[in-house]
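Q: Okay, predicted coordinates and the sequence, questions at the end:
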Amino acid sequence: MVAGRSSPGKVEAVDVVVVADTDVEFAAFMTRSTPALARTAWLLCGDTHLAEELVQQALVKTYLAWPKARQGEPLAYARRILANLRIDRWRRRRREVLMASDTLPDPTDDSQGLADQHAERDRLSRALMLLPTKQRRIVVLRHLEGLTEREVADAAGVSIGTVKSTASRGIARLREVLEAEDPAGRP
């Protein structure tokens, strides 16, 4: 109901703020996508606080481009913005800082074997941080986020052949690092 002060028998109209359907749609997208974006961001940078900042910036940019983003795959659009923001930040700083992995967003709620999961995640995170930025980005998007080669190529702005070769070299390097760390060959 809309009403304002008026003289008896006379009602003044007051503007009502209506939430646009696109805002509701974006809010639903943001709720669904934030955990996946946070995980990707952390894997790309290794710092929980920086990852949160990157996710916020990516969501703001996605919101500003929502009419365009919603026409295709909004999560892929936001993920590409996220990767580009990480690259921009890296170019400004030109150095990597490895932070503790105790706060990595983890989608599993299973408490069985939680210590082993944390240990394996820590091993993988440390090995990922040894990869060059480009290799790490492609390995994370392709193998940890499960994107297709085409999606990774689009997100990274490179050819499919570059994705294949870079991912292959990155995985080979990860194997070397992980095997050197655990010569017993833990499964």
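A: Right, received. Where do you want to start? Residues are numbered from 1 along each chain as shown.

Q: When you work out contacts or count neighbours from here on, use the C-alpha atoms and nothing else.
A: Fine.

Q: On the three-state scheme, Arg126 is what?
A: Secondary structure, DSSP: H, G, I helix; E, B strand; the rest coil: Arg126 is helix.

Q: burial of it, as a residue count?
A: 19 (other Cα atoms under 10 Å).

Q: Now do the same for it: its pLDDT.
A: Arg126 is assigned 84 on the pLDDT scale.

Q: quick one: it and Ala65, what's the gap?
A: Distance from Arg126 to Ala65, counting by Cα to Cα, to the nearest Å: 35 Å.

Q: Break this protein into its domains for me.
A: 20-93, 116-187 (automatic domain parsing).

Q: Out of those, which gets the lowest mean score?
A: Comparing mean pLDDT across the domains of the chain, the weakest is domain 116-187, with a mean of 84.

Q: so what's Glu151 closest to, chain neighbours aside?
A: Leaving out its chain neighbours, the residue that sits closest to Glu151 by Cα to Cα, 6 or more residues apart in numbering is Ala76, at 7.8 Å.

Q: For Phe26, see how far away the one you found is.
A: Ala76 sits 14 Å away from Phe26, going by Cα to Cα.

Q: Near the nearest residue to Ile160 once chain neighbours are set aside, how many residues? Count them for me, please.
A: Spatially, and ignoring its direct neighbours in sequence, Ile160 is nearest to Ala153 (5.4 Å; Cα to Cα, 6+ apart). Neighbourhood size, Ala153 [other Cα under 10 Å]: 20.

Q: what's near enough to touch the closest residue in space to Glu149 that isn't next to it in sequence?
A: In space, Glu149 comes closest to Ile160 once its chain neighbours are excluded; the distance is 6.0 Å by Cα to Cα, 6+ apart. Taking Cα atoms under 8 Å, 6 or more residues apart in numbering, we find Ile160 in contact with Glu149, Arg150, Val152, Ala153.

Q: Selecting buried members of these in PyMOL, what would you type?
A: In PyMOL, a selection of the buried entries from these looks like this (16 or more other Cα atoms under 10 Å):
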select buried, resi 149+152+153
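
Q: Any chance of the contacts of Ile160 in JSON lines with secondary structure as columns?
A: Shown next, in JSON lines, are the contacts of Ile160 (three-state DSSP):
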{"residue": "Glu149", "secondary structure": "helix"}
{"residue": "Arg150", "secondary structure": "helix"}
{"residue": "Val152", "secondary structure": "helix"}
{"residue": "Ala153", "secondary structure": "helix"}
